[in-house]
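Q: Just a sequence and a predicted model for now, questions to come.
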Amino acid sequence: MEDTVLVFTGAYIDVELAKGLLENNNIPFLLKSQHGSGFVIRAGYVLEKYYLYVHRKDKDKAEEILAVLK
């Protein structure tokens, strides 16, 4: 995890859009949630916060691509 950097934080729908942009540009990513899947099962996606990480070498490209969502 030390080679990864946070490039995006958001709600479920925002992160789904961000994931699509990264996938379309062949940038691998790691998706983490604030509370975990147990929270989502009980409370739903609306209250959860998600974090997208990319490899350090892809940071600049990912941030440029994801700028359209900010």
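A: Thanks, I have it. Since the model is a prediction, treat every value here as computed from it, not as a measurement.
Q: how close does the residue nearest the centre of the chain sit to Glu16?
A: Residue closest to the average C-alpha location in the chain (CA atoms, centre = their mean): Leu52, at 2.4 Å. To Glu16, Leu52 is 10 Å away according to CB to CB, to the nearest Å. To be clear about C-beta, it is placed using only N, CA and C from the backbone, and glycine gets the same treatment.
Q: Could you tell me which residues touch both of those two?
A: Here Leu52 and Glu16 share no contacting residue, scored by CB atoms under 8 Å, 6 or more residues apart in numbering.
Q: I'd like the average pLDDT over the longest helix along the chain.
A: Ranked by residue count, the top helix of the chain under DSSP state H comes out as helix 12-24. For helix 12-24, the mean per-residue pLDDT is 95.
Q: Could I get the buried residue list for that helix?
A: Using 16 or more other CB atoms under 10 Å as the test for burial, helix 12-24 gives Tyr12, Asp14, Val15, Ala18, Lys19, Leu21, Leu22.
Q: And stretch 20-40, by the same measure?
A: Under 16+ other CB under 10 Å, the buried positions of stretch 20-40 are Leu21, Leu22, Ile27, Phe29, Val40.
Q: next one: stretch 55-70
A: Counting neighbours by 16+ other CB under 10 Å, stretch 55-70 gives Asp58, Lys59, Ala62, Ile65, Leu66 as buried.
Q: Please enumerate residues in contact with it?
A: Contacts to stretch 55-70, defined as CB under 8 Å, 6+ apart, come from residues 3-5, 7-8, 10, 14, 17-18, 21-22, 25, 27-29, 54.
Q: mind listing the helices for this structure?
A: 12-24, 37-43, 59-66.
Q: and which of the buried residues of stretch 55-70 is nearest to Ser33?
A: Nearest to Ser33 out of the buried residues of stretch 55-70 is Leu66 (CB to CB; 17.9 Å).
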